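>>> for reference, the sequence and a predicted model appear below.
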Protein chains: 2
Amino acid sequence: MKSETRKEEIIRIAARLFKEKGYSAVTMRDLAKAMGIKAASLYNHINSKQDILTEIIISLAEEFTEGMMLIKRSNARSLDKLRQIISLHVRIAGMNTDGMASLNNDWMHLKEKQSYYLKLRKDYEDNFRSIIKDGISEGEIAPLNPEIMLFSILSTLRSLYIWIPDKDDVDPKELASELSMILLRGINR
Amino acid sequence: MKSETRKEEIIRIAARLFKEKGYSAVTMRDLAKAMGIKAASLYNHINSKQDILTEIIISLAEEFTEGMMLIKRSNARSLDKLRQIISLHVRIAGMNTDGMASLNNDWMHLKEKQSYYLKLRKDYEDNFRSIIKDGISEGEIAPLNPEIMLFSILSTLRSLYIWIPDKDDVDPKELASELSMILLRGINR
DNA sequence: GTCTATATTTTGATAGAC
DNA sequence: GTCTATCAAAATATAGAC
């Protein structure tokens, strides 16, 4: 069991603060106070505030990318692929609700890595869209506007982080299952 | 036709900037530059940056509250009330996509009016939840978890502002109609 | 209604002692 | 690994001339 490094601790606490007020409104002094040290001491572990944000967002974006690759390669039916995507979001959001806030709301404050993030996001959405369109072609998904379906499902999944911590009495498998029912019954044929 | 006051213009431009970078990351100099004047000149029209944010958010929150009151008082069936809520969101988000970003993402930076905003939001969600529960009792809505239904629908509606401007080829009535199909087929009985 | 000039605070980050 | 001290830049906001 690998114990948490000081750097990892800083990133974890930073993500919590970023979730509450957003990246721009959190100062290095806020972060230091939450860590119980002085602001200058933070720089012994991290290079800049920007690096903290980058670490939080890119690691999550890559997790989603990897998950999508596995789903894409699987030879499941389209509706099952959508169920797997829902489970992927429930799993990642459940493990790091704080980081998800930065991924959703503070990506525009990325500097060097912003274009890399945008590429990962675009590819993710393209794959998602393809699965929906395949499902329509195969007659497995209702022939409704695929853009609206994509937008509707993805909006809900991206908001999971807001909602999961308030409902920790719900277990991940059950949540994914109920969400699948509600999200997919609407597009199921 | 009432022409736009300078104050209204400042608020409109500010909302656009807040949408792009968030309230905290937009400086009064940014706003002044976008207006073509100097930062000090802004204060001839507004009292503070905080006042701009308050104006943007509270006016929108009150619009939603008024809309919900009308829907609540109507004696439509539960599913029709949900359709009316969807239209309400499409209409308001379509008229002020920029302001919707602040409403969703920057409410935590409100000072004096934050508790008022939170009360309006809580009442809105309570009314929304009641409509869903009534629909279940009356057998009009599927007996699934009402919290998850509320969360799922509301997440999509709250994200409309991100999506509407990219798709201005879609007319509001058609969007509301297609959204209703996708969002409500999943919970319809 | 806009400007220049400026006051005051706060910011991210560094240097060097311990 | 943390501290004190400090820097340079940037922030919101005000005063007063035009």
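Alright, I've got the coordinates.
>>> going forward, measure contacts between C-alpha atoms and count neighbours the same way
Fine.
>>> phi, psi of A:Asn113?
One correction, residue A:113 is Lys, not Asn. phi -90, psi 10 (degrees, to the nearest 10).
>>> burial measure for it, as a count.
Residues lying near A:Lys113 (other C-alpha atoms under 10 Å in any protein chain shown) number 15.
>>> over to the one 5 residues further on?
Burial of A:Leu118, expressed as a neighbour count using other C-alpha under 10 Å, amounts to 14.
>>> list the contacts for it?
Applying C-alpha atoms under 8 Å, 6 or more residues apart in numbering or on different chains to A:Leu118 gives no contacts.
>>> any idea how far it lies from A:Lys111?
12 Å (C-alpha to C-alpha, to the nearest Å).
>>> distance of the closest residue to chain B within chain A from B:Glu9?
Closest residue of chain A to chain B, C-alpha to the nearest C-alpha: A:Gly186 (3.5 Å). The gap separating A:Gly186 from B:Glu9 is 41 Å, by C-alpha to C-alpha.
>>> repeat that for A:Asn47.
Distance from A:Asn47 to B:Glu9, by C-alpha to C-alpha: 40 Å.
>>> if we can go back for a sec, was I right about the residue of chain A closest to chain B contacting B:Ser180?
No - using C-alpha atoms under 8 Å, A:Gly186 is not in contact with B:Ser180; the gap is 9.6 Å.
>>> before we move on, the earlier item: A:Gly186 and B:Glu9: who's more crowded?
Neighbours per residue (other C-alpha under 10 Å) separate A:Gly186 from B:Glu9, with A:Gly186 holding more: 21 against 12.
>>> who's in contact with the nearest residue to the more buried one once chain neighbours are set aside?
Using C-alpha to C-alpha, 6 or more residues apart in numbering or on different chains and skipping the chain neighbours, the partner closest in space to A:Gly186 is B:Gly186 (3.5 Å). Residues counted as contacts of B:Gly186 (C-alpha under 8 Å, 6+ apart) are A:181-187.
>>> so how do I select the buried members of those residues in ChimeraX?
Selection of buried members from those for ChimeraX, criterion 16 or more other C-alpha atoms under 10 Å in any protein chain shown:
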select /A:181,182,183,184,185,186,187
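>>> what does chain A put close to DNA strand D?
A:5-6, A:36-45 (C-alpha under 7 Å from any atom of the strand).
>>> which stretches of chain A have low pLDDT?
Residues of chain A that meet the criterion pLDDT under 70 lie in A:166-169, A:187, A:189.
>>> run through the helices of it in chain order.
A:6-21, A:28-35, A:39-42, A:49-73, A:78-95, A:97-105, A:114-137, A:146-158, A:160-163, A:172-185 (DSSP state H).
>>> the third one packs against which elements?
By that I understand helix A:39-42. helix A:28-35 (3 or more C-alpha pairs under 8 Å, 6 or more residues apart in numbering or on different chains; DSSP states H and E).
>>> is the helix it packs on in proximity to chain B?
No - judged by C-alpha under 8 Å from any C-alpha of the partner chain, helix A:28-35 and chain B are separated, with a smallest distance of 14.8 Å.
>>> is that helix positioned near DNA strand C?
Yes - using C-alpha under 7 Å from any atom of the strand, helix A:28-35 reaches DNA strand C at A:28-29.
>>> so what does that helix touch, helix or strand wise?
Using 3+ C-alpha pairs under 8 Å, 6+ apart, helix A:28-35 sits against helix A:6-21, helix A:39-42.
>>> pretty sure A:Ser180 sits against A:Ile85.
No - contact between A:Ser180 and A:Ile85 fails when scored by C-alpha under 8 Å: they sit 9.7 Å apart.
>>> which ones are touching A:Ile162?
Contacts for A:Ile162 (C-alpha under 8 Å, 6+ apart) come out as A:97, A:101.
>>> now A:Phe128
By C-alpha under 8 Å, 6+ apart, A:Phe128 lies in contact with A:Leu150.
>>> and A:Leu53, by the same measure?
A:23, A:102, A:110.
>>> from those, which is closest to B:Ser130?
Set against B:Ser130, the nearest of those by C-alpha to C-alpha is A:Ser102 (31.9 Å).
>>> count of residues packed around the closest one?
Around A:Ser102 there are 25 residues (other C-alpha under 10 Å).
>>> what do you get for A:Glu138?
12.
>>> A:Ile13 and A:Lys33 touch, don't they?
No - contact status for A:Ile13 versus A:Lys33: not in contact, 10.4 Å apart, counting by C-alpha under 8 Å.
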